[in-house]
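Novice: please work out how this folds:
(one chain, ligands or ions: 3)
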Amino acid sequence: MHAKGYEVLRNPFLNKGTGFTLTERKTLGLNGTLPSQVQTIDEQAEQAYQQFQSKTAPLEKRIFLMNLFNENITLFYHLMDQHVSEFMPIVYDPVVADSIEQYNDIYINPQNATFLSVDKPEDIKQSLINAADGRDIKLIVVTDAEGILGMGDWGVNGVDIAVGKLMVYTAAAGIDPASVLPISIDAGTNNQSLLENERYLGNKHARIAGDAYLEFIDQFVIAEQELFPESLLHWEDFGRANAQVILDKYKNKIATFNDDIQGTGMIVLAGVFGALNISKERLIDQTFVTFGAGTAGMGIVNQIFTELQEAGLSAKEAKKHFYLVDKQGLLFDDMSDLTVAQKAFTRTRNEFNHAEELTTLSAVVKEIKPTVLIGTSTQPGTFTEEIVKEMATHTARPIIFPLSNPTKLAEATAENLIKWTDGKALVATGIPAENVEYKGVTYKIGQGNNALIYPGLGFGLVASTAKLLTQKTISAAIHALGGLVDSDQEGAAVLPPVSNLTEFSQKIAEVTAQSVVNQGLNREKISDAKQVVRNAKWSANY
Ligand SMILES: NC(=O)c1ccc[n+]([C@@H]2O[C@H](COP(=O)([O-])OP(=O)(O)OC[C@H]3O[C@@H](n4cnc5c(N)ncnc54)[C@H](O)[C@@H]3O)[C@@H](O)[C@H]2O)c1
Ligand SMILES: O=C(O)C[C@H](O)C(=O)O
Ligand SMILES: [Mn+2]
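Specialist: Ligands and ions are numbered 1, 2, ... in the order given. A predicted model of the protein is given here:
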């Protein structure tokens, strides 16, 4: 039986509000429930945009858009399509960070998310069934919120990142919003301020860790695969100790990826390619210092390491290009507190005359003279004028990507990097940055955020019914994005602008789908990969 009357109006997937035609109103039992005028979606969008513009505070803007999403999903995406660069920072990073911090005070609606409690593994399956509500789920973004952006543990509040990432998927690549499911795994929280907050909406106990935690994750994956066998599982903002472990456990078994590890590695390599297009240099001639060798930092290092080998270097030669800096300073093989991922890229002390002095970023930059400096440290302002100027004295076009999010955690601003290097730095930032005007040149700043690549990648995998995500497909997607930079213009950005997000996401999706089909990893028969992507694209119209 199809929904009727208020059931239709209250279902955001079905609701068109005043957009219901007179015939629809009659057949759906809506006569008398709406004012008499029938509006087009563009008329509705214009009115909604005017209301949006009347809000001044970013969080107010976000709340308005979320309410619109809760009422009428098609109208929300129709409007977002018209204002993608303006809405991205509101529904996604950085304003999503404010909404996560204030979740317990501003909570109104669960936003079609699934809430799984570590205390109730027996409820996993039924919870997924309830939240999917009969929809055919093709894409899941799941978070346990132990490492929300660079802000640490935010417990159940972190669900907003799963909701936001999925909004970007639809806005950028056109995945049908009825086929997606955001999931919060509430494993408890070690955030004392949440535990002490009487309004906190999640489990009020410490995080469950170790075997019990991994057992819960396993039960979740089993239930998820059983219920939605053709779905892609996207992991977001897990803690450093779990992210890689979980990815390694499932990546060769199901269609899955970790956005912070793989998505970030991909966007950074694409950005480095963009920068090298501008400087006309080669990847194999670069020396990389990564500041913050955690989930994202190691994802970046591994992606570039793989690419260096594809460019002809042996693993041993390729490793020599990396210097990892974390809390301890430069990471050496004799340190006892290294992660598994870090261990593969440590240095030995006898490579240096004064290894014991390499405990700060400043000392490492002086010693190594890197050509590329990447920040995923969560430590604001750490790319100081002194460090950046030192780097610029040894390399003509320093590539500098301060990627820590949200805004308050960035290692440097784009404006300072351009000024300190007299316009020579090739910059990408994690959050959107304004153009920088310097000595008569307008410098455009690429957004080095995985949101520029995961939507196309994920949509391509879903559309092509991929069984697995392989390194081959990852490489194909990176090259598709890295080649889109207009490198001849002075002040050009190293990545394409977010205003073109829908176009290049489409391209990435097509390349991804083609790669899946080329490797025979599609579940269903596909004769034309590009066509399959085009056919799967949802459009925000009635
Ligand atoms: N722009 C993007 O697309 C993107 C993608 C992923 C992550 N990030 C950002 O990167 C940051 C890190 O995220 P993550 O998931 O890797 O977190 P993580 O916790 O796994 O890694 C952070 C690392 O920084 C290290 N660190 C902390 N303090 C330090 C210090 N004083 N000096 C040097 N290193 C220090 C930690 O020890 C850890 O290894 C976050 O701010 C996140 O928002 C950005
Ligand atoms: O969410 C973002 O803006 C990018 C990234 O996934 C992060 O964790 O910072
Ligand atoms: Mn993330």
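
Novice: from now on I want contacts and neighbour counts done on CA atoms only, so please keep to that.
Specialist: Noted.

Novice: ligand 1 contacts on the stretch 201-350 of the chain?
Specialist: Contacts of the stretch 201-350 of the chain with ligand 1, taken as C-alpha under 6 Å from any ligand atom, map to 240, 260, 264, 291-297, 325-327.

Novice: please report how far the closest residue to ligand 3 within the stretch 1-150 of the chain lies from ligand 1.
Specialist: Per C-alpha to the ion, L149 is where the stretch 1-150 of the chain lies closest to ligand 3, at 5.2 Å. L149 is 3 Å from ligand 1, where distance means C-alpha to the nearest ligand atom, to the nearest Å.

Novice: that residue: how many residues sit nearby?
Specialist: A count of neighbours around L149, defined by other C-alpha atoms under 10 Å, yields 24.

Novice: before we move on, back to that, which of the residues of the stretch 201-350 of the chain next to ligand 1 sits closest to A178?
Specialist: Distances from A178 to these, taken as C-alpha to C-alpha, are shortest for D260 (24.6 Å).

Novice: show me the contacts for that closest one.
Specialist: D260 makes contacts with E236, D237, T295, A296, G299, N450, as judged by C-alpha atoms under 8 Å, 6 or more residues apart in numbering.

Novice: wait, doesn't the second one sit right on G147?
Specialist: Yes. The criterion here is C-alpha atoms under 8 Å, and D237 meets it with G147 at 4.9 Å.

Novice: more neighbours, these two?
Specialist: Using other C-alpha under 10 Å, the more surrounded residue of D237 and G147 is D237, with 27 against 21.

Novice: what parts of this protein come near ligand 3?
Specialist: D237, D260 (C-alpha under 5 Å from the ion).

Novice: domain assignment for the chain?
Specialist: What automatic domain parsing lists as the domains of the chain is 91-254, 262-450, 454-536.

Novice: could you give the number of residues near the closest residue in space to H321 that isn't next to it in sequence?
Specialist: In this structure, H321 finds its nearest non-sequential neighbour in T287, 4.9 Å apart by C-alpha to C-alpha, 6 or more residues apart in numbering. Counted with other C-alpha under 10 Å, the neighbours of T287 add up to 17.

Novice: any idea how far ligand 2 is from T287?
Specialist: Distance from T287 to ligand 2, by C-alpha to the nearest ligand atom: 24 Å.

Novice: let me know the pLDDT of that residue.
Specialist: The confidence metric pLDDT takes the value 98 at T287.

Novice: distance of it relative to T378?
Specialist: Going from T287 to T378 by C-alpha to C-alpha, to the nearest Å gives 22 Å.

Novice: repeat that for K424.
Specialist: Taking C-alpha to C-alpha, one finds K424 at 25 Å from T378.

Novice: do the same with A296
Specialist: 11 Å.

Novice: more neighbours, the two?
Specialist: With neighbours defined as other C-alpha under 10 Å, A296 and T378 compare such that A296 has more, 27 against 22.

Novice: confirm that one sits in a strand?
Specialist: No. Under DSSP: H, G, I helix; E, B strand; the rest coil, A296 falls outside any strand and is assigned helix.

Novice: gap between it and F401?
Specialist: Computed as C-alpha to C-alpha, the A296 to F401 distance reads 13 Å.

Novice: how about the contacts made by the closest residue to G158 other than its chain neighbours?
Specialist: Using C-alpha to C-alpha, 6+ apart and skipping the chain neighbours, the partner closest in space to G158 is A145 (5.0 Å). With contacts defined as C-alpha under 8 Å, 6+ apart, A145 is in contact with 152-159, 184-185, 236-239.

Novice: buried only: go through those for me.
Specialist: Applying 16 or more other C-alpha atoms under 10 Å to those, the neighbour count classes 152-159, 184-185, 236-239 as buried.

Novice: right, and ligand 2 sits closest to which residue of the stretch 51-200 of the chain?
Specialist: Here the stretch 51-200 of the chain gets closest to ligand 2 at one residue, L149, 3.6 Å apart by C-alpha to the nearest ligand atom.

Novice: list the contacts of that residue.
Specialist: For L149, the contacting residues are A97, D237, S404, N405, P406, by C-alpha under 8 Å, 6+ apart.

Novice: ok, back up a step: the buried ones among the contacts of A145 in strands, which ones?
Specialist: Under the assignment DSSP state E, these contribute S184, I185, E236 to strands.

Novice: which among the residues you listed gets closest to ligand 1?
Specialist: Among those, E236 lies closest to ligand 1 (C-alpha to the nearest ligand atom), at 8.8 Å.

Novice: so what's the predicted local confidence for L484?
Specialist: 75.

Novice: for P406, see how far away the closest residue to K408 other than its chain neighbours is.
Specialist: Ranked by C-alpha to C-alpha, 6+ apart and with sequence neighbours excluded, the top spatial neighbour of K408 is P380, at 6.6 Å. From P380 across to P406, the span is 10 Å (C-alpha to C-alpha).

Novice: and T143, by the same measure?
Specialist: 17 Å.

Novice: more neighbours, those two?
Specialist: T143 (26 against 21).

Novice: what comes into contact with whichever helix or strand V516 is part of?
Specialist: Using DSSP states H and E, V516 falls within helix 501-518. Contacts of helix 501-518 with the rest of the structure, by C-alpha under 8 Å, 6+ apart, involve 171-173, 452-453, 455-461, 463-464, 466, 469, 472-474, 476-477, 480-481, 522, 526, 529-530, 533.

Novice: out of these, which end up buried?
Specialist: Buried subset of those (neighbour count, 16+ other C-alpha under 10 Å): 171-173, 452-453, 455-461, 463-464, 466, 469, 473-474, 476-477, 480-481, 522, 526, 529-530, 533.

Novice: and stretch 199-217, what's buried?
Specialist: By 16+ other C-alpha under 10 Å, the buried positions in stretch 199-217 come out as Y200, L201, G202, N203, K204, R207, I208, F216, I217.

Novice: identify all contacting residues around it.
Specialist: Residues from elsewhere that reach stretch 199-217 (C-alpha under 8 Å, 6+ apart): 104-105, 117-118, 121, 155-157, 186-190, 194-195.

Novice: chain center to that stretch, what's the gap?
Specialist: The gap between the average C-alpha position of stretch 199-217 and the chain average comes to 23 Å, counting by C-alpha atoms, centre = their mean, to the nearest Å.

Novice: what do you get for stretch 47-60?
Specialist: That offset, for stretch 47-60, works out to 25 Å (C-alpha atoms, centre = their mean).

Novice: can you list the buried residues in it?
Specialist: For stretch 47-60, by 16+ other C-alpha under 10 Å, it's A48, Y49, F52, P58, L59.

Novice: and if you look at stretch 442-451?
Specialist: Within stretch 442-451, the residues that qualify as buried are Y443, K444, I445, G446, Q447, G448, N449, N450, A451, counting by 16+ other C-alpha under 10 Å.

Novice: for it, give me every contacting residue.
Specialist: Stretch 442-451 has contacts (C-alpha under 8 Å, 6+ apart) with 165, 168, 259-260, 263-264, 266-268, 271, 401, 403, 414, 427-437, 490-498.
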